[in-house]
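Q: Sharing a model that was predicted from the sequence below.
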Amino acid sequence: METIDLEGICCQVVRRHGRRVRLVFHDGSLRVVLPRNIDPQPIIDRHRKWILEKYAWFRRQRVLAEQLEVVRRTNEEFVGLVREQCRRSGEILGVRPLGIGFRRMKSKWGSCSAGGKISLNTCLQALPDELVAYVVFHELAHLRERNHGPGFKSLIRSAFPHFRDLDRQLKLYSLKIL
C-alpha cells in the first residue's frame, strides 16, 4: 500500500476499480480511496485544509477519550444489568426481544435483526450503566421502528431527552475501546 506524508499525517492510498474518489479517516490516519489511474497528490492538495482540520479534531477526540473511565464488572454482573435494562425498556416500549446475544463488534455497540433478536457488543461491559441502558433501549426501539426516522427518534427522545450527549459519549468510548 502506498503512503503519502502530509505534515505528519499518514495518508494511505487505496486503489480500487471504480470511478469515485473518497477521503476517509480511519484509526487516526487518512485513507484516500481512488481509481487506479489517478494521482493522489492533487486530491490531497485540494483537500489539504479539510484534512488538517479533521486530523486536529480527531486528535482532540482521542485526548477526551483517554480521560474516560471504564467500568469493571464481571460477566454475570453485565448480563444481569442487560437483562434488567431489557425488562425495563421492554415495558416502556411494549416489546420483547426474541433473543439477546453478545459478541465482539468492531464498529458498533449493538444491532437488531429483522427476526427480533438483539446483539450487543461485549465491550459494553466496560461502559457506565446509563450508556448500557441507552444502547439496550435503542436496540429494543428498533423492534417498534425499524429505521432511524422521526418515529424512532421520538421514542428515543421520550426516554433519553439528552440522547445527543449519550451519542457523543458512545463515540468517545468507541475511540477508547473498540
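A: Received, thanks.

Q: use CA for all of it now, contacts and neighbours both
A: Will do.

Q: Now do the contacts for the residue nearest the centre of the chain.
A: In the chain, the centroid-proximal residue (C-alpha atoms, centre = their mean) is Lys108; its distance is 4.5 Å. For Lys108, the contact set (C-alpha atoms under 8 Å, 6 or more residues apart in numbering) comprises Asn121.

Q: now Glu130
A: Glu130 touches nothing, counting by C-alpha under 8 Å, 6+ apart.

Q: which residues sit in contact with Lys153?
A: If you count contacts by C-alpha under 8 Å, 6+ apart, Lys153 has none.

Q: from the chain's centre, how far out does the helix or strand where it lies sit?
A: Here Lys153, judged by DSSP states H and E, is contained in helix 150-159. Mean C-alpha position of helix 150-159 versus that of the full chain (C-alpha atoms, centre = their mean, to the nearest Å) differs by 19 Å.

Q: and Asp165, what does it touch?
A: Applying C-alpha under 8 Å, 6+ apart to Asp165 gives no contacts.

Q: one step back: how about the helix holding Lys153, which residues are buried there?
A: Residues of helix 150-159 classed as buried by neighbour count (16 or more other C-alpha atoms under 10 Å): 152-153, 155-156.

Q: Go through those residues and name the one nearest Ala65.
A: Ile156 (24.3 Å; C-alpha to C-alpha).
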